[in-house]
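> What follows is a predicted protein model with its sequence.
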Amino acid sequence: MTDNVQTTLVPVGGAAMVEFEMQVPGNYILILVYHAISRAFNKGALGIIAATGPEGESAGASTTAERIAFGERVYTANCSACHQASREDIPVDSPPLAASDYLNADGGRAIGTLVNGLDGVTTVNGVMPALQLSDGDVANVLTYVYSQWGNSGLVVLPSEVGPDRE
């Protein structure tokens with residue numbers, strides 16, 4: 001996915017300041033890549049910018065179709081950098097979502113993983129950072145993921161998310 005991508009060249013010892021505006025609150029992926037050939041090629045870091053503000057229309061999703069539509073937006077903004085828009089996960093770094101045994105086995109565990117994160121060895125090794133999403137966005141994105149790629153079709157409600165927060 002290469003929509004709305006901005007690149008900035010920062011010289012050695014330099015700094016950059018950028019200004020941008022988000023249209024909806026959520027976590028946005030920031031990828032910093034270090035290309036100094038004399039040192040190491042393609043080293044980088046991944047960051048998350050947490051944008052706050054009014055939740056907007058996704059909080060009012062009342063049908064499964066609305067939850068899936070809003071969830072797809074949350075997935076694109078928060079999940080696709082690691083789990084990929086094409087749903088072909090980056091090997092080793094991101095657990096797969098397609099027909100996921102881990103995801104489909106326990107809806108509560110999936111909610112806990114999304115809101116609290118997961119680190120360590122599971123059936124699929126990897127790290128899942130905790131995302132700072134509203135209960136509505138967590139419910140919608142999980143409903144979307146469950147509706148795709150051979151998953152169980154589970155519908156997650158916002159009321160199910162709060163109790164799983166640590």
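Yep, it's here.
> Confirm residue 47 sits in a strand?
Yes: applying DSSP: H, G, I helix; E, B strand; the rest coil, one finds residue 47 inside a strand.
> Please report the number of neighbouring residues for it.
The number of residues packed around residue 47, counting by other CB atoms under 10 Å, is 10. Yep, even glycine has a C-beta here, placed from its N, CA and C like the rest.
> Please tell me how far residue 147 sits from residue 68.
Remark: distance between residue 147 and residue 68 (CB to CB, to the nearest Å) = 5 Å.
> Can you list phi and psi of residue 141 for me?
Torsion angles at residue 141 (phi, psi; degrees, to the nearest 10) stand at phi -70, psi -40.
> And the strands in the protein?
Ranges of strands within the chain are 26-34, 43-51, 118-120, 126-128, based on DSSP state E.
> State which helix of this structure is the longest.
If you go by DSSP state H, the chain has its longest helix at helix 64-78.
> Mind listing what's buried along it?
Within helix 64-78, the residues scored as buried using 16 or more other CB atoms under 10 Å are 67-68, 70-78.
> again, but for stretch 131-151
Within stretch 131-151, the residues that count as buried by 16+ other CB under 10 Å are 131, 133-148, 151.
> Looking at the residues you listed, which are in helices?
135-146.
> Out of these, which comes closest to residue 108?
Ranked by distance to residue 108 (CB to CB), these are led by residue 142 at 10.7 Å.
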